[in-house]
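Chemist: Fold the stuff below for me.
(4 chains)
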Protein chains: 4
Amino acid sequence: MKQQPDDEKFPARVYKDTVLAPLFEGVKRHHWRHQMQINQASAVLLAEGGLLSGAEARAILGALDDIVRTIDLERLVYTGEHEDFFFYVEAELIRRLGVEVAGKLHTGRSRNDIDHTVFKLALKDRLASLFAAHAAMIEALLAVAERERATIVVAYTHGQPAQPTTYGHYLGAFIELSLRDMDRLLHAARTVDLCSMGAAAITTSGFGLDRARMAQLLGFAQVQDNSYGCIAAADYATGVYGALKLLFIHAGRFVQDLNAWTGFEIGHLHVPDAYVQISSIMPQKRNPVPVEHLRLMASLGAARCEAVLTVVHNTPFTDMNDSEGEVQIAGYEAFDTGQRLLALLGGLMAAVRIDSAKVLRHIDEAGITLAELADSLVRTEAVSFRQAHEVASKLARHMIDGGITLSKVPFSAFQQIFAAAIGRPAALAEADFRRFTTPEHFIAVRTMQGGPAPAPLAASFARYRAELAGHQRAVAAISARGQAAQALLAREVSQRLAVA
Amino acid sequence: MKQQPDDEKFPARVYKDTVLAPLFEGVKRHHWRHQMQINQASAVLLAEGGLLSGAEARAILGALDDIVRTIDLERLVYTGEHEDFFFYVEAELIRRLGVEVAGKLHTGRSRNDIDHTVFKLALKDRLASLFAAHAAMIEALLAVAERERATIVVAYTHGQPAQPTTYGHYLGAFIELSLRDMDRLLHAARTVDLCSMGAAAITTSGFGLDRARMAQLLGFAQVQDNSYGCIAAADYATGVYGALKLLFIHAGRFVQDLNAWTGFEIGHLHVPDAYVQISSIMPQKRNPVPVEHLRLMASLGAARCEAVLTVVHNTPFTDMNDSEGEVQIAGYEAFDTGQRLLALLGGLMAAVRIDSAKVLRHIDEAGITLAELADSLVRTEAVSFRQAHEVASKLARHMIDGGITLSKVPFSAFQQIFAAAIGRPAALAEADFRRFTTPEHFIAVRTMQGGPAPAPLAASFARYRAELAGHQRAVAAISARGQAAQALLAREVSQRLAVA
Amino acid sequence: MKQQPDDEKFPARVYKDTVLAPLFEGVKRHHWRHQMQINQASAVLLAEGGLLSGAEARAILGALDDIVRTIDLERLVYTGEHEDFFFYVEAELIRRLGVEVAGKLHTGRSRNDIDHTVFKLALKDRLASLFAAHAAMIEALLAVAERERATIVVAYTHGQPAQPTTYGHYLGAFIELSLRDMDRLLHAARTVDLCSMGAAAITTSGFGLDRARMAQLLGFAQVQDNSYGCIAAADYATGVYGALKLLFIHAGRFVQDLNAWTGFEIGHLHVPDAYVQISSIMPQKRNPVPVEHLRLMASLGAARCEAVLTVVHNTPFTDMNDSEGEVQIAGYEAFDTGQRLLALLGGLMAAVRIDSAKVLRHIDEAGITLAELADSLVRTEAVSFRQAHEVASKLARHMIDGGITLSKVPFSAFQQIFAAAIGRPAALAEADFRRFTTPEHFIAVRTMQGGPAPAPLAASFARYRAELAGHQRAVAAISARGQAAQALLAREVSQRLAVA
Amino acid sequence: MKQQPDDEKFPARVYKDTVLAPLFEGVKRHHWRHQMQINQASAVLLAEGGLLSGAEARAILGALDDIVRTIDLERLVYTGEHEDFFFYVEAELIRRLGVEVAGKLHTGRSRNDIDHTVFKLALKDRLASLFAAHAAMIEALLAVAERERATIVVAYTHGQPAQPTTYGHYLGAFIELSLRDMDRLLHAARTVDLCSMGAAAITTSGFGLDRARMAQLLGFAQVQDNSYGCIAAADYATGVYGALKLLFIHAGRFVQDLNAWTGFEIGHLHVPDAYVQISSIMPQKRNPVPVEHLRLMASLGAARCEAVLTVVHNTPFTDMNDSEGEVQIAGYEAFDTGQRLLALLGGLMAAVRIDSAKVLRHIDEAGITLAELADSLVRTEAVSFRQAHEVASKLARHMIDGGITLSKVPFSAFQQIFAAAIGRPAALAEADFRRFTTPEHFIAVRTMQGGPAPAPLAASFARYRAELAGHQRAVAAISARGQAAQALLAREVSQRLAVA
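Modeler: Residues are numbered from 1 along each chain as shown, chains lettered A, B, ... in the order given. Got it, this is the predicted structure:
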């Protein structure tokens, strides 16, 4: 821990090793192209604003092109000679053009506004990829849901089999939630789409640069207004990771259902061999381990989002490294985890199948259609709901005590229980009694909005398709704006380079 | 730990003591009125749907009224006789009307859809109060910002004095962030505004009830579609607490600035005696302790929001107590903390004042206007930014080495440095040199969008006022819908009660 | 948000309402007795150190007694006249004795050291209660484990039935973990047992007070050394809540097993009616809801512990309100949740029973004894483990494909598979084949340390009993020290009061 | 999302890409050597237990050696042919030796006990490195503290200058906390030192293997008892990351002090140029950015620890991937962050210096020695503390109102204030008055345990050195045991290989 001689000038060796070199590697891996894009846009803007002559702009743009063409990232090792990649590029410009010309590129800007603009551009890329993966996963589930719109499954409450529904209806619940998750993330993405350029260090500058034009050249939706906020607010990051965290948490809850449904004893969901791992010593085991991996990815993803919020917590409201390089890059891990999660979840859900025989057997064993028997009695016997429920409850008790399944309960038992409870014989015929306790009947009568009967379910699917399409249009619009900006910037650059 | 005789029937004593009794107290304190409101709406809906006769509806609505009128919450102690408040009310209805009539009220619904609807109604109340407090806080800050639009302060980056700006401009950054926080919460509130009623236990029912009408009677914006999602998704809670958590984290960052600015050595912000605590043994101390309390409230509020997300994490995607009573009530603590935070922050910010003498002294000592000198040289001396910056840097070094403030740097020093760096004498006159290094000049030239000069700042304030007004209209529209629904429900009830 | 006239002197109304009054209520509810205890100890210490005369000590101790006797906490409402409870008591002393005498009590101390000592005393009380509840829960589980040492259950890995073991052995795993949780908390409690008194505001004082004597009078194990650390470190809180959080997380994992085991389809654990809630509309449902409540308590408890860590995060290392009153009291909620969790978990575990018929049926269906068949073949047929495993795997495949349970697999199938795989007939007789696949044999041969066979399990239980007894001795020693200190302090006080 | 033909056999392509291949890379990077070490130990143990003949053991150990010698990790790409690295090695063994011999190595063990043993070995390595770095950091701070034992600094409470103390005393507070952090981590490390081997899949096996011998061969302190706990409890991970998280949080608080102390206006801590970054556009700025990086590392490290706890939360208590490969490796990132944090913190603290002139000026300006004046009056004027405090308070008010520093307050002012407050003239001479308000006097009289005067501070340093030495001995003992085990294993292996 003794001070080395080389610690006397900047950077101290330990600082170089623990901070500057890792940051430089991060820029090489994640951010350098966005920095160069901003450099081009700055040159165009300064030229448009008369702060660079045509010749100066041409020289700078040419040199920038040359740097991009000739840079060998693999061999670019951090030496401490330049504080960071920004100063490295500036030095390369000066080496090519001299300080009189090269020194003009940084007019009216700062690493502060550049950095946050770089981070936003990088986040926009990741959001675009994630939106695509999310939409694909939703699409995959929607396809399954439509295909299996009539496949009967057991719906649970409090961890117990509760009522029959269809697999399509069940999946619809998660699809609807996923669409809201996507909506939350789209809403969060709006803040990412506010351009920080022009804020310079904090307060803009006196050069009268056109911030709206800069935003356009870089593909942002708008200028972020208050210049101090541009470099200090950081809610473009907290907002995105806060919303992404919810996606992870919600996906993890769905995965917990998969975990239960693929368990040996429930077994309603059959996982094909392609997704099943074996034990190294237990010959009979079929471990649907991908489900566990999905769960841990959901948890790890959520924790990685939370990391960004944690780092920002209780920091001052100024431009701070706590929302910069290392933290942004730590956040990208959450996106990587999200990509893997969404791909695996979509793939797995396309591959698994309902084991209908097992489902129907458990429905009969658990007697979960009894709630509809009670409802049907209300409609056919003119008893109150609570009275009908009492009849059904006693029938359930009869079934459990007798150790029989619902379909094996004798009709006479129903008749006796009804008569005892209501004080008169039931009017119901046995055929209706049996029909009222089938899962098919259970589902067929549930025609209210949001229910599992074919009509409302079809309406729900149509709604989901429309909502997904809407989200995808919003995503496409962001991408289109980005691409238009890249084309615009390329055009502006090449025009300036072309001038003799 | 020996089993007591009274453990043999439900509820076991330990279960009663640790769960059921506390839950009952929670309903008494937070939820019972919403339950009764839903009971009324159910009676109206069933009557409209022909599932209750006029006489039955009148009897039930009358009995509900009677229960509300005669209930003595203080004396209502949980005994375990009824599982919960819901069954207590049903028993009271049956006692008054008999099971044939009373037993009809629960037709086509379940505690599942009732519970989540209750929680949403309760959350809507809390959101309304919080929006009001948040708007008031933003309003208070905006008033200060407008009043102090020209008051010079020091803006920091990396914890160091960086540039002069105005207090109004600085506050604008936080106001803008707060407006986005409010927008995030408004967006999250949309999911709260989806009605769960009609979902019944999971799958709706076969009674063909009009879910849209029910949503209207209770003041919701829409029906939540998928019925399983209505009782399982719980993202109305995670969404709200996720967004509220960001508000806390962001407010906490602003509070960290207050903490620095009110420190003895910086002291740019004067806290009046009304907010200053003294030491029990250090006579000279003036502790602006409210700032610390604000910080801890922001942290505690964030943690309380996170608690709701934690509880939901890795639970199955079904109706679960993990998103019910105890957890919802734990969430309300975050709202309470939020109310206190916003009130104290607004009050404190209205009371504190900038110590301009100290600010100006530090500006001169820190030489933070030098960046503008560099920029001005670019404009007046036709040097590149990097060259101008080098001149200013050497001047800064001269100042620091000489232990003098910027205003005391001799003009000749500037002239020598300029000549040495640029290779020719500077054209600049001393008066301009002095003017270029004043904070007033610094601010006056920053006329770009989002900058601190009067024109852009006025434009920003106008934008904030408009945005705040928009948010408040959105809040008012939610409230208005709720009030209209209450009036509608009251009308429907009284009409049915009035029928002879 | 307009400043009220009454805002001009301390405390501002909003500060009083949002901070000081709630804090005062917190002291009334949680801390005032500890403050008075410290006041007594201070008087004794000052008298012993010659800083109070006998008469002064008697007067002060008498007045303190009088205050405690006459204080009417219910009617003590915060008015803002005194900043807090501390100054209220000082004022009461001065009112009774005059400032010349009363003013001496605060010699050589500060609210800083008093506060953290109060918080430690309060935390020690809560730790003592929690240790008792934790030990009782472990005791209850140990009793069940011993009773059910031979009851066969299914052990799971990756959510799938994996191997038979005994209920006693399974519970042993959680008991062992719980003992380590208790050990972690005991280790954390050591830091709570370091006395802050004498640190005064930060740096001790020049009065030469005997800190070790003060620690003894208050029942602490030792003096906390560095005086700044005494009021700034706060790791007595973070350490305790960090350890307590693990207890919650680990308990929650066990609860997730209970959730699975009590599910309808698994059903290995029967929950008696005293712990089962019913559905309001689904007649057949038996919801073991206490399990869900345990899970949410575990999560909420963990989140409440984390809240304390969150609040301290990124605060400066000085005495700060971020580790004081409101935060400490927020932490107590985690203890309350812990008490409820441990009581309910112990009660529930004493009440539930293994459904052995179901367990044995599932063992046969899942064929989870096949791993032991493979092992037995290694021992009896001199094949390598991997060869034996291959035979067992093929048998498993035969069983699954044939849709039969393990006990129904024909011996001839085994013989054919063995011969095909190994290239010679198996020597094994059918009786041994059948025996090797029984769960009883499976367990009987697992006699290695930590295994489920009777001998190692009995050794484990003995180890747990010894470890629990050791923990309880450590807890008892802390309590005994506290009681001895209270007796000592009472004696010192009464002797001083008795002097004429 | 269409199923590919290659999805039909294990592993599905998406599962391979998102899970298995990344896991394989993780084993290559972090765990393969530990797996091979366990393979060697297994062969030795089986040979000792008579389950391998001498020839078999020699063959297996030779083949294992051969695999290690010839494996080319760089070119080892996951193909999906073998599920994981474990099966890859088994296949390599079988290829070399045939299944009859190679198939014996896995007797009485499972991937479950192997995996958790591997994770513990890997964690032990990381803990050893971290303990070394932590001890070095503490050592560095202790050296500074001893060197600067008499250097006066300002101690803060509530963010305000409160009292003078020495830099050595201040650092002592953090050193003491750091020693407790190390102690917490050492305590957590004990659970890591419990060997899982022999637990096999869950319940041990019937092979009667000697678990204690296996623990010895691998360098563990003890066998972890309950075999299910060995593969399910996972508290070796939660315990370590829970403790490590506290280290990060506490270090972060100290860093917040550095942040304040290096701020321009306070400036008590001078950061040399080697650690100071400049602004790209603000010429005067000296940004001690390493401090921010330390803060963000502390936060990120804490969040990465929390990630491990999050992933385990609400998972069932069985062997689960939620505590395996990907999660363990995610945890290692926290150790990496910790290493960087500790190195940079130690390096920076060795390099920074107190700016004594600035400190003394602020002490005089803030008048923070007044508390000692009050105490001195108690001792010299026979007034009560509260009376003396009132005199000092009025003097403080006089000083503040007059805008003068404490050393400039006229003695006559003191005399008048004293006389007015106490009702008689003060006996104190001016020389004593002046002396009583110097920081030197302030510190000199604070000779109580834990105070800043030379004697108690020297005693504290001695205590810290002893405690650190104790911790280091504990660390060394763990390392020594590990090295002894490696030597033992190497000896056992080479002896078996040597047999002809």
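Chemist: give me phi/psi at whichever residue of chain A sits closest to chain C?
Modeler: Going by C-beta to the nearest C-beta, chain C is nearest to A:Asn314 of chain A, at 3.3 Å. No exception for glycine: its C-beta is placed from N, CA and C like everyone else's. Per-residue torsions, A:Asn314: phi 60, psi 20 (degrees, to the nearest 10).
Chemist: Leaving out chain neighbours, which residue sits closest to it?
Modeler: Ranked by C-beta to C-beta, 6 or more residues apart in numbering or on different chains and with sequence neighbours excluded, the top spatial neighbour of A:Asn314 is C:Asn314, at 3.3 Å.
Chemist: and the one you found, what does it touch?
Modeler: Contact partners of C:Asn314, counting by C-beta atoms under 8 Å, 6 or more residues apart in numbering or on different chains, are A:His313, A:Asn314, A:Thr315, D:Gly252, D:Arg253, D:Gln256, D:Arg295, D:Ser299.
Chemist: Would you verify that A:Arg446 is located in a helix?
Modeler: No. Per DSSP: H, G, I helix; E, B strand; the rest coil, A:Arg446 lies outside any helix segment and is coil.
Chemist: mind checking how far A:Ser393 is from B:Leu97?
Modeler: To B:Leu97, A:Ser393 is 21 Å away according to C-beta to C-beta, to the nearest Å.
Chemist: mind listing the strands for chain A?
Modeler: Assigned by DSSP state E, the strands in chain A fall at A:152-157, A:160-166, A:194-195, A:222-223, A:269-270, A:353-354.
Chemist: what are the phi and psi values for the closest residue to chain B within the stretch 151-300 of chain A?
Modeler: Nearest residue of the stretch 151-300 of chain A to chain B, counting by C-beta to the nearest C-beta: A:Gly206, 3.3 Å away. Torsion angles at A:Gly206 (phi, psi; degrees, to the nearest 10) stand at phi -90, psi 20.
Chemist: which residues sit in contact with A:Leu121?
Modeler: Going by C-beta under 8 Å, 6+ apart, A:Leu121 touches A:His34, A:Gln37, A:Ile38, A:Leu218, A:Gly219.
Chemist: Any idea how many residues pack against the residue nearest to A:Ser279 when sequence neighbours are not counted?
Modeler: In space, A:Ser279 comes closest to A:Lys285 once its chain neighbours are excluded; the distance is 4.1 Å by C-beta to C-beta, 6+ apart. Using other C-beta atoms under 10 Å in any protein chain shown, A:Lys285 has 26 other residues around it.
Chemist: Okay, A:Lys285 and C:Ala221: tell me how far apart.
Modeler: A:Lys285 is 51 Å from C:Ala221, by C-beta to C-beta.
Chemist: Pretty sure A:Arg213 sits against A:Glu48.
Modeler: Yes. Here A:Arg213 reaches A:Glu48: they are 6.8 Å apart, a contact under C-beta atoms under 8 Å.
Chemist: any idea which of the contacts of A:Leu121 is closest to D:Glu430?
Modeler: A:Ile38 (66.0 Å; C-beta to C-beta).
Chemist: Quick check: the closest one touching A:His116?
Modeler: No. A:Ile38 lies out of contact with A:His116 (C-beta under 8 Å); the separation is 10.8 Å.
Chemist: Comparing these two, which residue is more hemmed in?
Modeler: A:His116 (27 against 23).
Chemist: doesn't A:Cys230 make contact with the more buried one?
Modeler: Yes. Counting by C-beta under 8 Å, A:His116 touches A:Cys230, with 6.4 Å between them.
Chemist: And A:Ser279, what's its pLDDT?
Modeler: Looking at A:Ser279, its pLDDT is 76.
Chemist: ignore the last one, A:Gln3
Modeler: At A:Gln3, the pLDDT value in this model is 44.
Chemist: excluding its backbone neighbours, what's nearest A:Glu324?
Modeler: A:Asp115 (5.9 Å).
Chemist: what does A:Met320 give?
Modeler: Spatial nearest neighbour of A:Met320, chain neighbours left out: D:Glu292 (5.8 Å); criterion: C-beta to C-beta, 6+ apart.
Chemist: Can you read off the pLDDT for the one you found?
Modeler: Looking at D:Glu292, its pLDDT is 95.
Chemist: Can you report how many residues neighbour it?
Modeler: Other residues lying near D:Glu292 total 23 when counted by other C-beta under 10 Å.
Chemist: One more: A:Met36?
Modeler: Neighbours of A:Met36 (other C-beta under 10 Å): 17.
Chemist: Surely it and A:Asp65 touch.
Modeler: No. Counting by C-beta under 8 Å, A:Met36 stays clear of A:Asp65, with 9.3 Å between them.
Chemist: Can you spell out which helices and strands pack onto the lengthiest helix in chain A?
Modeler: In chain A, assigned by DSSP state H, the helix with the most residues is helix A:454-498. Taking 3 or more C-beta pairs under 8 Å, 6 or more residues apart in numbering or on different chains; DSSP states H and E as contact, the helices and strands that helix A:454-498 lies on are helix A:32-48, helix A:54-70, helix A:111-147, helix A:167-192, helix A:211-218.
Chemist: roughly how far is it from the heart of the chain?
Modeler: Mean-position distance between helix A:454-498 and its chain equals 17 Å (C-alpha atoms, centre = their mean, to the nearest Å).
Chemist: top of the contacts of C:Asn314 by neighbour count?
Modeler: Among the contacts of C:Asn314, the one with the most neighbours (other C-beta under 10 Å) is A:Asn314, at 30 neighbours.
Chemist: who touches both of A:His116 and A:Cys230?
Modeler: A:Ser196.
Chemist: Spatially nearest residue to A:Ala12, not counting backbone neighbours?
Modeler: Leaving aside its chain neighbours, A:Ala12 sits nearest to D:Ala274 (3.9 Å; criterion: C-beta to C-beta, 6+ apart).
Chemist: Give me the neighbour count for that neighbour.
Modeler: Per other C-beta under 10 Å, the neighbour tally for D:Ala274 reads 22.
Chemist: okay but it is in contact with A:Val14, surely?
Modeler: No. D:Ala274 is not in contact with A:Val14 according to C-beta under 8 Å; the separation is 9.3 Å.
Chemist: Tell me what A:Asp319 is bridged to.
Modeler: Beta-bridge pairing for A:Asp319 (DSSP bridges): B:Thr157.
Chemist: residue contacts, it?
Modeler: Neighbour list for A:Asp319: A:Asn112, A:Ala201, A:Ile202, A:Ile231, A:Ala232, B:Thr157, B:His158 [criterion: C-beta under 8 Å, 6+ apart].
Chemist: out of those residues, who's nearest D:Ala487?
Modeler: Checking these against D:Ala487 with C-beta to C-beta, the nearest one is B:His158 at 51.1 Å.
Chemist: ok, so what distance separates the closest residue to that closest one other than its chain neighbours from B:Ala162?
Modeler: Closest residue to B:His158 apart from its sequence neighbours, by C-beta to C-beta, 6+ apart: D:Asn287 at 4.2 Å. D:Asn287 sits 9 Å away from B:Ala162 when distances are taken as C-beta to C-beta.
Chemist: same question, A:Gly172
Modeler: According to C-beta to C-beta, A:Gly172 and B:Ala162 sit 53 Å apart.
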